[in-house]
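[1] the following block contains a protein sequence and its predicted model.
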Amino acid sequence: MVSVRNPLAGFGITILGTVALSFLVGIPILFLPHDLAYFYFPFALFAVGVFSGRTTFIGSLGFMGALIGGIVGVYAFQALFLPAGWPLTAGIPVWLTGVSFITVLLFGAACGLGGAASGKLGLKRIERLTERAPKMRRCLKCGAKVGMSARKCWSCRSFLPPT
(Lines give C-alpha, C1' and ligand atoms only; values in the text may rest on other atoms or scores of the structure.)
Protein backbone atom coordinates (compact mmCIF):
# COMPACT_ATOMS: atom_id res chain seq x y z
CA MET A 1 0.00 0.00 0.00
CA VAL A 2 1.30 3.48 -0.86
CA SER A 3 2.09 5.66 2.15
CA VAL A 4 0.87 9.25 2.28
CA ARG A 5 3.67 11.75 2.91
CA ASN A 6 3.52 14.90 4.99
CA PRO A 7 2.20 17.75 2.80
CA LEU A 8 4.95 20.12 3.96
CA ALA A 9 7.63 17.64 2.90
CA GLY A 10 6.01 17.54 -0.55
CA PHE A 11 5.97 21.34 -0.56
CA GLY A 12 9.70 21.48 0.11
CA ILE A 13 10.46 18.85 -2.52
CA THR A 14 8.36 20.83 -5.00
CA ILE A 15 10.30 24.02 -4.32
CA LEU A 16 13.72 22.36 -4.61
CA GLY A 17 12.78 20.42 -7.73
CA THR A 18 11.34 23.47 -9.41
CA VAL A 19 14.40 25.59 -8.64
CA ALA A 20 16.72 23.01 -10.19
CA LEU A 21 14.58 22.22 -13.22
CA SER A 22 13.66 25.83 -14.05
CA PHE A 23 17.36 26.70 -13.98
CA LEU A 24 18.20 23.82 -16.33
CA VAL A 25 15.32 24.51 -18.71
CA GLY A 26 16.61 28.05 -19.21
CA ILE A 27 19.93 26.95 -20.72
CA PRO A 28 18.54 26.45 -24.27
CA ILE A 29 17.48 30.12 -24.28
CA LEU A 30 21.13 31.06 -24.67
CA PHE A 31 21.22 29.33 -28.07
CA LEU A 32 17.74 30.21 -29.40
CA PRO A 33 16.71 33.39 -31.24
CA HIS A 34 15.10 35.95 -28.93
CA ASP A 35 11.60 35.55 -30.36
CA LEU A 36 11.67 31.78 -30.07
CA ALA A 37 13.06 31.99 -26.54
CA TYR A 38 10.02 33.91 -25.31
CA PHE A 39 7.76 31.33 -26.94
CA TYR A 40 9.67 28.32 -25.60
CA PHE A 41 10.35 29.38 -22.02
CA PRO A 42 6.78 29.72 -20.62
CA PHE A 43 5.76 26.33 -22.00
CA ALA A 44 8.91 24.71 -20.68
CA LEU A 45 8.34 26.28 -17.27
CA PHE A 46 4.72 25.09 -17.25
CA ALA A 47 6.01 21.56 -17.88
CA VAL A 48 8.53 21.98 -15.04
CA GLY A 49 5.68 23.03 -12.73
CA VAL A 50 3.60 20.03 -13.76
CA PHE A 51 6.50 17.68 -13.13
CA SER A 52 7.46 19.23 -9.78
CA GLY A 53 3.88 19.73 -8.59
CA ARG A 54 3.28 15.98 -8.65
CA THR A 55 5.11 15.67 -5.32
CA THR A 56 2.36 17.57 -3.50
CA PHE A 57 -1.15 16.33 -2.83
CA ILE A 58 -2.86 19.70 -2.54
CA GLY A 59 -3.27 22.01 -5.52
CA SER A 60 -2.56 25.22 -3.62
CA LEU A 61 0.72 23.80 -2.24
CA GLY A 62 1.66 22.71 -5.75
CA PHE A 63 0.97 26.20 -7.01
CA MET A 64 2.88 27.98 -4.25
CA GLY A 65 5.83 25.57 -4.34
CA ALA A 66 6.18 25.79 -8.10
CA LEU A 67 5.70 29.58 -8.03
CA ILE A 68 8.39 30.13 -5.40
CA GLY A 69 10.75 27.63 -6.98
CA GLY A 70 10.13 29.04 -10.46
CA ILE A 71 10.86 32.60 -9.40
CA VAL A 72 14.04 31.60 -7.56
CA GLY A 73 15.24 29.34 -10.38
CA VAL A 74 14.55 31.83 -13.16
CA TYR A 75 16.12 34.66 -11.14
CA ALA A 76 19.23 32.57 -10.50
CA PHE A 77 19.41 31.78 -14.22
CA GLN A 78 19.07 35.45 -15.10
CA ALA A 79 21.67 36.50 -12.54
CA LEU A 80 24.25 34.01 -13.84
CA PHE A 81 23.66 33.99 -17.59
CA LEU A 82 21.79 37.22 -18.40
CA PRO A 83 23.18 39.91 -16.06
CA ALA A 84 22.21 42.68 -18.49
CA GLY A 85 18.57 41.59 -18.41
CA TRP A 86 16.34 39.55 -20.67
CA PRO A 87 16.88 39.83 -24.44
CA LEU A 88 13.72 41.92 -24.81
CA THR A 89 15.21 44.64 -22.60
CA ALA A 90 18.75 44.47 -24.01
CA GLY A 91 19.21 48.19 -24.60
CA ILE A 92 17.53 49.46 -21.43
CA PRO A 93 19.45 49.47 -18.12
CA VAL A 94 17.96 46.97 -15.66
CA TRP A 95 17.90 49.44 -12.77
CA LEU A 96 15.91 51.95 -14.87
CA THR A 97 12.90 49.73 -15.48
CA GLY A 98 11.31 46.91 -13.56
CA VAL A 99 10.67 45.00 -16.78
CA SER A 100 13.29 42.41 -15.96
CA PHE A 101 11.81 41.75 -12.51
CA ILE A 102 8.27 41.56 -13.91
CA THR A 103 9.49 39.12 -16.56
CA VAL A 104 10.93 36.87 -13.84
CA LEU A 105 7.63 37.01 -11.94
CA LEU A 106 5.62 36.12 -15.04
CA PHE A 107 7.90 33.19 -15.85
CA GLY A 108 7.53 32.01 -12.25
CA ALA A 109 3.74 32.32 -12.58
CA ALA A 110 3.81 30.05 -15.64
CA CYS A 111 5.68 27.52 -13.53
CA GLY A 112 3.16 27.93 -10.68
CA LEU A 113 0.20 27.26 -12.98
CA GLY A 114 1.76 23.95 -13.95
CA GLY A 115 2.21 23.08 -10.28
CA ALA A 116 -1.43 23.88 -9.55
CA ALA A 117 -2.58 21.70 -12.43
CA SER A 118 -0.70 18.64 -11.25
CA GLY A 119 -1.25 19.30 -7.54
CA LYS A 120 -4.97 18.93 -8.07
CA LEU A 121 -4.30 15.52 -9.61
CA GLY A 122 -2.73 14.46 -6.31
CA LEU A 123 -6.06 14.85 -4.51
CA LYS A 124 -7.55 12.17 -6.73
CA ARG A 125 -4.71 9.86 -5.72
CA ILE A 126 -5.55 10.36 -2.03
CA GLU A 127 -9.22 9.65 -2.71
CA ARG A 128 -8.24 6.37 -4.37
CA LEU A 129 -6.08 5.45 -1.37
CA THR A 130 -8.91 6.05 1.08
CA GLU A 131 -11.30 3.96 -1.01
CA ARG A 132 -8.90 1.01 -0.83
CA ALA A 133 -8.18 1.48 2.88
CA PRO A 134 -9.64 -0.99 5.39
CA LYS A 135 -13.26 -0.19 6.09
CA MET A 136 -14.15 1.30 9.47
CA ARG A 137 -17.31 1.80 11.45
CA ARG A 138 -18.17 4.10 14.35
CA CYS A 139 -19.06 3.30 17.93
CA LEU A 140 -22.69 4.18 18.64
CA LYS A 141 -21.90 5.47 22.12
CA CYS A 142 -18.80 7.66 21.71
CA GLY A 143 -18.37 7.94 17.93
CA ALA A 144 -14.81 6.56 17.78
CA LYS A 145 -13.73 4.73 14.64
CA VAL A 146 -13.29 1.00 15.15
CA GLY A 147 -12.52 -1.88 12.84
CA MET A 148 -15.18 -3.92 11.08
CA SER A 149 -14.57 -7.03 13.23
CA ALA A 150 -14.20 -5.27 16.61
CA ARG A 151 -16.44 -6.49 19.43
CA LYS A 152 -15.66 -3.68 21.88
CA CYS A 153 -14.90 -0.02 21.36
CA TRP A 154 -11.29 0.84 22.08
CA SER A 155 -12.26 4.22 23.53
CA CYS A 156 -15.29 3.70 25.80
CA ARG A 157 -15.11 -0.13 26.08
CA SER A 158 -18.79 -0.53 25.21
CA PHE A 159 -19.94 -3.58 23.26
CA LEU A 160 -20.63 -3.06 19.58
CA PRO A 161 -23.51 -4.59 17.64
CA PRO A 162 -22.52 -7.55 15.45
CA THR A 163 -21.80 -6.88 11.76
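    Now that the structure is in, tell me what you want to look at.
[2] where along this structure do the helices fall?
    Assignment of helices within the chain using DSSP state H yields the ranges 7-25, 34-53, 59-81, 99-132.
[3] which elements pack onto the third one?
    It stands for helix 59-81. Judged by 3 or more Cβ pairs under 8 Å, 6 or more residues apart in numbering; DSSP states H and E, helix 59-81 is in contact with helix 7-25, helix 34-53, helix 99-132. C-beta here means a position set from N, CA and C on the backbone, and glycine is covered the same way.
[4] TSV for those helices, including distance to Ile71 and mean neighbour count?
    Rendered in TSV, the data for the helices and strands packed on helix 59-81 read as follows (distance: least, Cβ to Cβ, whole Å; neighbours: other Cβ atoms under 10 Å):
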stretch	distance to Ile71	mean neighbour count
helix 7-25	9	20
helix 34-53	10	20
helix 99-132	3	18
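[5] how about the ones you listed, which one is nearest Gly62?
    helix 99-132 (2.2 Å; Cβ to Cβ).
[6] okay, now the spatially closest residue to Cys142 that is not a sequence neighbour: neighbour count?
    Take Cys142 and drop its neighbours on the chain: the residue closest to it by Cβ to Cβ, 6 or more residues apart in numbering is Cys156, 4.3 Å away. For Cys156, the tally of surrounding residues (other Cβ atoms under 10 Å) stands at 12.
[7] what's the weakest-modelled helix or strand in the protein?
    The least trusted helix or strand in the chain, going by mean pLDDT, DSSP states H and E, turns out to be helix 99-132, with a mean of 77.
[8] before we move on, back to that, now the helices and strands packed on helix 59-81 in CSV, with distance to Ala150?
    Listed next are these as CSV, based on distance: least, Cβ to Cβ, whole Å:
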stretch, distance to Ala150
helix 7-25, 30
helix 34-53, 39
helix 99-132, 20
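[9] I figured the residue nearest to Cys142 hits Gly143, correct?
    No. Here Cys156 does not reach Gly143: they are 9.3 Å apart, not a contact under Cβ atoms under 8 Å.
[10] sorry, back to before: Lys152 is nearest to which of the helices of the chain?
    Between Lys152 and the helices of the chain, the shortest separation by Cβ to Cβ is 25.2 Å, and it involves helix 99-132.
[11] roughly how far apart are the residue nearest the centre of the chain and Ser155?
    When the chain is reduced to its mean C-alpha position, the nearest residue by Cα atoms, centre = their mean turns out to be Gly62, at 2.4 Å. For Gly62, the distance to Ser155 equals 36 Å [Cβ to Cβ, to the nearest Å].
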